[in-house]
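**Student:** prediction below, plus the sequence it came from.
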There are 2 protein chains.
Amino acid sequence: MKFELLATDGAARAGRLTTAHGAVETPVFMPVGTRGAVKALGPDDLRAAGAQIVLANTYHLLLRPGHELIRELGGLHRFMGWDGPILTDSGGFQVWSLSKLRKISDAGVEFRSADDGSTHFLSPEIAVEVQQALGADIIHPLDECLAHPATREATERSLALTLRWAARSKVAHACGAAGRQALFGIVQGGTWEDLRRRAAGETVALGFDGYAIGGLAVGEPKETMYDLAELVAGLLPADQPRYLMGVGKPEDLVEAVARGVDMFDCVLPTRNARNGQCFTWDGPVTLKQARYARDAAPLDPACDCYACRGFSRAYLRHLFMSGELLAYRLLSLHNVHFFLRLMRDMRAAIGGGAFEPFKTRFFARYAVSSLDVSRDQLLPEV
Amino acid sequence: MKFELLATDGAARAGRLTTAHGAVETPVFMPVGTRGAVKALGPDDLRAAGAQIVLANTYHLLLRPGHELIRELGGLHRFMGWDGPILTDSGGFQVWSLSKLRKISDAGVEFRSADDGSTHFLSPEIAVEVQQALGADIIHPLDECLAHPATREATERSLALTLRWAARSKVAHACGAAGRQALFGIVQGGTWEDLRRRAAGETVALGFDGYAIGGLAVGEPKETMYDLAELVAGLLPADQPRYLMGVGKPEDLVEAVARGVDMFDCVLPTRNARNGQCFTWDGPVTLKQARYARDAAPLDPACDCYACRGFSRAYLRHLFMSGELLAYRLLSLHNVHFFLRLMRDMRAAIGGGAFEPFKTRFFARYAVSSLDVSRDQLLPEV
């Protein structure tokens, strides 16, 4: 994997990540394909929306249909019909947020599937092996994700474990097909600045192909998230990609790009689509509101996605209110398209040395939803 | 509307129906867009599957979002983003199969929506007016649909009412925008041959743009359906299209085309897709069966739809078992594609004077499902 920094504008960066399955222009948003499919969207829709790379969840694919089956069928790219780059997380976050009866030790973590009660074990080595079976372009080491808030003591203990696991993951990765798959390190450390500094320093010292900032967007105040993302981004090597895991809302993407982050993923565009919430340059639109019942305008007149080119708000609302499956596809397509367009516009602004004016214009128009991002909203799709 | 008979082969016919929104090659299968959308499919998917015309249900659209709203927004074509021909039924069948507390008189029928309990009234005149508001290319007169089995007395009484309503519908249609919309007559008469003869004779005497055969596929034996379709088709004018309402399975389409039917609609391809049943030239495939879990082959190797070109049975099964929304789109797309391909092949066989050998080859290969078509399966999608 190669990363080139093409332009900087303040702390904001525009770059290009070249993987075994093609190039990715950064800053980039990765639609989330939890179970090997971005909910309600086909690879054709993703291409049409401008997706360059998708994320898949190791945890979900491990449980169903199983990584060995996917390996047998030629890997995740072929399995899901997506020939572009894929990033997988290690499953750590889901073990903590979705599983029952976790038993953690230095060796790894035993957990029960919430689906069928089956018992599984993940170690740093197994997490790498599973991701090698899936064959993603970018993989991650198993880490421990603490719930927020956590005590300093718990955070220190957890960080130490995550760092020991990171070192083991690196060894496991080096023994495998290291050439084809990039391994990112994950910087944890909770909400303590000094722990975040320690985490960044020790993770970078281990040496990874890129760095993820983990343990944010889990319920802490927005400002804390922005501050810590800025702090950690500043401690990471300038010539490697930086990925803020699980973020976020459009305003978060703009704020985090301004602080030097290159990569993002979030279930927000697809999950909110399924709840009838659509993103526009003027802020979110809640389609179930009666005022859209006779609205002949497209969701977002400035948008050139299939949903906006072909259909009125009134029709999309009718589909949504009727529970028509087509609603989920069209609204998901629009939301993903919006997120990817936002990233494209940011890349162009950075390339033109005009990121600050872009940011000012964006916030002048975009009406930030009064709905707070609850922790639940940001959990991965199940 | 113009209908040209292009070729005949035995009783089977190939023709071309020209509507205000384009031409339709017959025999044709019309995917069902109950609420103004074919379930899980967009107009782009329908075009890709080769759809020439879609059906929409007057009953459902009347209740939600309402025909006046659709008229206001430019009619059903614009509303649902489908610029090809549309056929609407009159709502009669749904009033009988879905509504509560029907009160019927010569004037019309009062019914309660099963959705929200609201009360509505349909007369022959109102049914025409609603369909004029929707703006479909082919519309139908309000008819009474009896449950099967019905007594001869009830069937005679019902047929007389349907015929009186047909005459009133014709007058209402003539007073409206008759030039733009074709009005089909509906031949009822239950399972009595002499009543079917009387129905056909009197309906044809009224004079319509085409003729629907109603009241079949409602639970009667297969052979009865085939026999009555053959009987009625033979009594209808050769130079006008014949439409067998609510039919059917692939084998039914072949049998009915062999008996001189030109048009069909059924929820089967989309509904069965949502239950994981896929149609192939070798018969239906039930995807949830464990034997497909590691099957790298496409659903149907002979199919060139997007689902078959891009994905394995193992992946489609995984999506279906996981409840992924993409499963519904891909399986619906495949099934609709299969039905439309079957019709295309029948048209070619008729054109080449080789319908009988086609039929023999079809049945030699197609393993008819042992599952009987229950009445419930053939009810419209709700």
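**Tutor:** Okay, I see it. Numbering: from 1, shown residues only, chains lettered A, B, ... in the order given.
**Student:** am I right that A:Asp304 is in a helix?
**Tutor:** No - counting by DSSP: H, G, I helix; E, B strand; the rest coil, A:Asp304 falls outside a helix, being coil.
**Student:** and the stretch 51-200 of chain A, which of its residues are near chain B?
**Tutor:** A:Arg64, A:Pro65, A:Leu69, A:Glu72, A:Leu73, A:Gly74, A:Phe79, A:Met80, A:Gly81 (Cβ under 8 Å from any Cβ of the partner chain). In this view, the C-beta of every residue, glycine as well, is placed from N, C-alpha and C.
**Student:** just the buried residues of those.
**Tutor:** Burial by neighbour count, 16 or more other Cβ atoms under 10 Å in any protein chain shown: within these this picks out A:Arg64, A:Pro65, A:Leu69, A:Leu73, A:Phe79, A:Met80, A:Gly81.
**Student:** need the residues you listed in a markdown table (columns: pLDDT).
**Tutor:** Formatted as a markdown table, these follow (pLDDT from 0 to 100):
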| residue | pLDDT |
| --- | --- |
| A:Arg64 | 96 |
| A:Pro65 | 97 |
| A:Leu69 | 98 |
| A:Leu73 | 98 |
| A:Phe79 | 98 |
| A:Met80 | 98 |
| A:Gly81 | 98 |
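**Student:** return the subset of those lying in helices.
**Tutor:** Per DSSP state H, helices hold the following members of those: A:Leu69, A:Phe79, A:Met80.
**Student:** what helix or strand is the closest residue to the last one other than its chain neighbours on?
**Tutor:** When you say that, I think you mean A:Met80. Leaving aside its sequence neighbours, A:Met80 sits nearest to A:Gly36 (Cβ to Cβ, 6 or more residues apart in numbering or on different chains; 4.5 Å). Using DSSP states H and E, A:Gly36 sits in no helix or strand.
**Student:** neighbours of A:Gly36, how many?
**Tutor:** Neighbourhood size, A:Gly36 [other Cβ atoms under 10 Å in any protein chain shown]: 26.
**Student:** on the three-state scheme, the residue in the stretch 101-250 of chain A positioned nearest to chain B is what?
**Tutor:** In the stretch 101-250 of chain A, no residue comes nearer to chain B than A:Asp115, which is 9.5 Å away by Cβ to the nearest Cβ. The local conformation at A:Asp115, judged by three-state DSSP, is coil.
**Student:** that one: neighbour count?
**Tutor:** A:Asp115 - counted by other Cβ under 10 Å - has 13 other residues nearby.
**Student:** give me the most central residue, chain A.
**Tutor:** For chain A, the residue nearest the mean C-alpha position is A:Asp265 (1.7 Å; Cα atoms, centre = their mean).
**Student:** what's across from it in the sheet?
**Tutor:** Per DSSP bridges, the residues bridged to A:Asp265 are A:Met30.
**Student:** hmm, the longest helix anywhere in chain A touching chain B?
**Tutor:** Longest helix in chain A by number of residues (criterion: DSSP H): helix A:325-351. Yes - using Cβ under 8 Å from any Cβ, we find that helix A:325-351 touches chain B at A:Leu325, A:Leu326, A:Tyr328, A:Arg329, A:Leu330.
**Student:** state the pLDDT value of the third one.
**Tutor:** A:Tyr328 is assigned a pLDDT of 98 by the prediction.
**Student:** rewinding a little: the residue of the stretch 101-250 of chain A closest to chain B reaches A:Leu62, doesn't it?
**Tutor:** No - taking Cβ atoms under 8 Å as the definition, A:Asp115 is not a contact partner of A:Leu62, at 11.3 Å.
**Student:** so where is chain A shaky, pLDDT-wise?
**Tutor:** A:101, A:177-178, A:368-382 (pLDDT under 70).
**Student:** now do 90
**Tutor:** Low-confidence segments of chain A, defined by pLDDT under 90, span residues A:90-93, A:95-102, A:113-117, A:145-148, A:175-180, A:367-382.
**Student:** picking up where we left off before, list the buried residues of the longest helix of chain A.
**Tutor:** A:325-344, A:346-347, A:349-350.
**Student:** tell me the contacts of the residue of the stretch 101-250 of chain A closest to chain B?
**Tutor:** A:Asp115 makes contact with A:Leu63, A:Arg64 under the criterion Cβ atoms under 8 Å, 6 or more residues apart in numbering or on different chains.
**Student:** before we move on, what SS does A:Phe3 have?
**Tutor:** strand.
**Student:** so what's the residue of chain A most remote from its centre closest to, chain neighbours aside?
**Tutor:** Note on chain A: the largest C-alpha distance from the chain mean falls to A:Arg294, namely 35.6 Å (Cα atoms, centre = their mean). In space, A:Arg294 comes closest to A:Ala314 once its chain neighbours are excluded; the distance is 5.6 Å by Cβ to Cβ, 6+ apart.
**Student:** surely that neighbour is in a helix?
**Tutor:** Yes - assessed with three-state DSSP, A:Ala314 lies in a helix.
**Student:** buried ones in stretch A:217-231?
**Tutor:** A:Ala217, A:Val218, A:Glu220, A:Met225, A:Tyr226, A:Asp227, A:Leu228, A:Ala229, A:Glu230, A:Leu231.
**Student:** before we move on, the earlier item: mind checking how far the residue of the stretch 101-250 of chain A closest to chain B is from B:Gly323?
**Tutor:** 11 Å (Cβ to Cβ, to the nearest Å).
**Student:** before we move on, back to that, which of the buried residues of stretch A:217-231 fall in strands?
**Tutor:** Counting by DSSP state E, no part of the buried residues of stretch A:217-231 is found in strands.
**Student:** and those residues, which two are the farthest apart?
**Tutor:** Pairwise distances among the buried residues of stretch A:217-231 were taken by Cβ to Cβ; the largest, 17.4 Å, belongs to A:Val218 and A:Glu230.
**Student:** hmm, who's touching stretch A:325-335?
**Tutor:** A:38-41, A:45, A:48-49, A:268-270, A:272-274, A:276, A:278-279, A:287, A:299-300, A:303, A:305-308, A:311, A:316, A:319-320, B:37-42, B:325, B:328-329.
**Student:** among those, which ones are in helices?
**Tutor:** Using DSSP H, the contacts of stretch A:325-335 in helices are A:45, A:48-49, A:268-270, A:272-274, A:306-308, A:316, A:319-320, B:325, B:328-329.
**Student:** quick check: A:Gly239 touching A:Phe3?
**Tutor:** Slight slip there: residue A:239 is Asp, not Gly. Yes - with contacts counted by Cβ under 8 Å, A:Asp239 reaches A:Phe3, the gap being 6.7 Å.
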